[in-house]
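1. Pasting the sequence and the predicted coordinates here, then a few questions.
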Amino acid sequence: MPQLDKFTYFFRFTILPIFTMLLGRFLGTGCPGISTLLTLFFLIVTLLLIYRMRVSKRKKSSFLFFVILILIYVLCTFSRSFFIFMLAGMPSAFVWKVSSESGDATSLPPLESSSSSESLATFRAEIAAENEAEIFTRIRNLETQDYYNLPPQNNPGEYEVLVREEFEQALDVPHYRTVLDREYFELTVLERKGLLQDRLFHLMLGEQKISRIMELSPYQNIRMEAYNFLEASVEPVSALEHPFQKDLMEGTLNFFIKELTQNGRNSEIYKNFYIHFTDELFRVKLGLPLP
């Protein structure tokens, strides 16, 4: 075992205990935070100075040993749970996690606290009942309109029955929410297509030369051709697998409605419908008369 010189012995067994006791008195429970921070700063500066000292490695190591111990002591004083966290942090975290999951948490129990069917029934009865009622009211209103093929289920009540079946077949609350959102979106699309179809129909029907148009047009049903024209117009955005595709569909229909509202027969969508219904491009190509 190597012998300690007087310098090392003096620092390790005389200065260290005395300085530790004094520091403990200074950094007691009533010590302000600024004093602790200044002490930490002093010790860090001391570490840097020791590295630059031109003394033997043994003396330098004694200084470092002394300062490191003081740093540990300051950390323990600054945070009483420093060593407790180091030694028992992982078991404590595990115990906290288990206690939270065992029912001691203060948050409300999840919706599906009993069975999936009971929670879904509660959700539909107490939360989503008004949404379902609104959807069914709008479906009935849609069926009373004189739209062509909107909704696609032409028999009265058929569309409502299909939607009710979709709701009844939901497996749990998240699945039900998905079904509710999908049915709401699809119904909104049908309503806006119906509104567009109705405006195109009335604009065409109000043309001054409507008799001549109907005489030359290869089509006889304005509403049916308005439906076909609109379906072809939104076909590029009709894939509704992802949310952004739904946004594109909704934005396209809203743009058509706004344009028709603001510009009427001067809107691009009506001009294109007029060209389609009168078969204008084909007649111009063959030199046939126009309405």
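-> Cool, got the structure. Being a predicted model, the structure only gives us computed values, none of them experimental.
2. Every contact and neighbour count from this point should use C-alpha atoms.
-> OK.
3. Quickly find the element holding M214.
-> M214 belongs to helix 210-216 when assigned by DSSP states H and E.
4. For that helix, which residues meet the burial criterion?
-> 213-214, 216 (16 or more other Cα atoms under 10 Å).
5. can you pull the contacts of the closest residue to F136 other than its chain neighbours?
-> Closest residue to F136 apart from its sequence neighbours, by Cα to Cα, 6 or more residues apart in numbering: E160 at 6.3 Å. E160 is in contact with 136, 139-140, counting by Cα atoms under 8 Å, 6 or more residues apart in numbering.
6. Would you mind measuring from F244 to E207?
-> 38 Å (Cα to Cα, to the nearest Å).
7. nope, L286 is what I was after
-> Following Cα to Cα, the distance that separates L286 from E207 is 24 Å.
8. Could you check which of those two is surrounded by more residues?
-> Taking other Cα atoms under 10 Å, L286 and E207 do not tie; E207 has more neighbours (12 against 9).
9. Tell me the secondary structure at that one.
-> With DSSP: H, G, I helix; E, B strand; the rest coil as the basis, E207 sits in coil.
10. I'd like the distance from it to Y219, if you could.
-> 16 Å.
11. what number of residues lie near the spatially closest residue to F123 that is not a sequence neighbour?
-> Setting aside the residues directly before and after it, F123 is nearest to V173 in space (Cα to Cα, 6+ apart), at 7.3 Å. Here the number of neighbours of V173 (other Cα under 10 Å) works out to 19.
12. Going forward, count from 16.
-> Will do, 16 is the new start, and the previous item becomes V188.
13. which stretches of the chain aren't confidently modelled?
-> 16-133 (pLDDT under 70).
14. Let me see the domain layout of it.
-> 16-42+50-95, 131-301 (automatic domain parsing).
15. Which positions within stretch 136-148 qualify as buried?
-> Residues 137-139, 143, 147 are the ones in stretch 136-148 that count as buried (16+ other Cα under 10 Å).
16. Let me have the residues you listed in JSON lines, extended by secondary structure and distance to E283.
-> What follows is the buried residues of stretch 136-148, written out as JSON lines (DSSP: H, G, I helix; E, B strand; the rest coil; distance: Cα to Cα, whole Å):
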{"residue": "T137", "secondary structure": "helix", "distance to E283": "49"}
{"residue": "F138", "secondary structure": "helix", "distance to E283": "46"}
{"residue": "R139", "secondary structure": "helix", "distance to E283": "44"}
{"residue": "A143", "secondary structure": "coil", "distance to E283": "40"}
{"residue": "E147", "secondary structure": "helix", "distance to E283": "37"}
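17. Name the nearest of those residues relative to F297.
-> E147 (47.7 Å; Cα to Cα).
18. What distance do you get for the closest one to K261?
-> For E147, the distance to K261 - Cα to Cα - is 21 Å.
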